[in-house]
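*Asks:* next come a sequence and a model predicted from it.
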Amino acid sequence: MALIDLIFSNASSSRLEPRGLVALGKFQFGVDSIPYQTIDQDTPYEWAEIPLMGADPALQFTGNGVVTISMGGVFYPTVAGGYAQMPKLKAEANKGKPLSMVDSNGNSLGEWVIANISENHAKLRDDGSPRRIDFTITLKRYKR
């Protein structure tokens, strides 16, 4: 069964709805921390082009590429988890090590690295703190 199937319900589009909570390293995604609403998975397949004299290039399958997952959502710091949640996630990323991903049933989903965290702070208060944070977290599958 594919990783995406373990975490999310089956759907016909590339945009899937979350089924349960996921822990990445010591950070837990959920209603009380940072809830994700969407996930996109990119599963590349690598092909090398081989030039041929007087003909179109041939293609040679060279293997699977690195699986990438993007988790996106909206976070309201005053409602769930407070302003410390994003720094906690960044602390996991700053370790510079692969992190174990585990679903809400305790199933191991392999090791992943945090490749990127993108934030958009909106609805700012008078003191400049956001009432709403839109985020995207990009993970890459780690293989030894």
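*Replies:* Yep, it's here. Numbers count the residues shown, from 1 in each chain.

*Asks:* can you report how many residues neighbour residue 56?
*Replies:* 8 (other Cβ atoms under 10 Å). Yep, even glycine has a C-beta here, placed from its N, CA and C like the rest.

*Asks:* host element of it?
*Replies:* strand 55-64 (DSSP states H and E).

*Asks:* quick one: list the elements packing against that strand.
*Replies:* Packing contacts for strand 55-64, counted by 3 or more Cβ pairs under 8 Å, 6 or more residues apart in numbering; DSSP states H and E, involve strand 45-52.

*Asks:* ok and the strand it packs on relative to strand 55-64, angle-wise?
*Replies:* Using axes from the mean of the first three to the mean of the last three Cα atoms, to 10 degrees, one finds that strand 45-52 and strand 55-64 are set 150 degrees apart in direction.

*Asks:* check which helices and strands strand 45-52 sits against.
*Replies:* Strand 45-52 packs on strand 55-64, going by 3+ Cβ pairs under 8 Å, 6+ apart.

*Asks:* the strand it packs on: what's the following helix or strand?
*Replies:* Assigned by DSSP H and E, the successor of strand 55-64 is strand 68-75.

*Asks:* go through that next one and flag the buried ones.
*Replies:* Residues 68, 69, 70, 71, 72, 73, 75 are the ones in strand 68-75 that count as buried (16 or more other Cβ atoms under 10 Å).

*Asks:* where in this structure is pLDDT low?
*Replies:* 1-20, 31-32, 80-81 (pLDDT under 70).

*Asks:* residues near residue 134, how many?
*Replies:* Around residue 134 there are 14 residues (other Cβ under 10 Å).

*Asks:* correct me, but it touches residue 120?
*Replies:* Yes: when contacts are counted by Cβ atoms under 8 Å, residue 134 is listed as touching residue 120 (4.3 Å).
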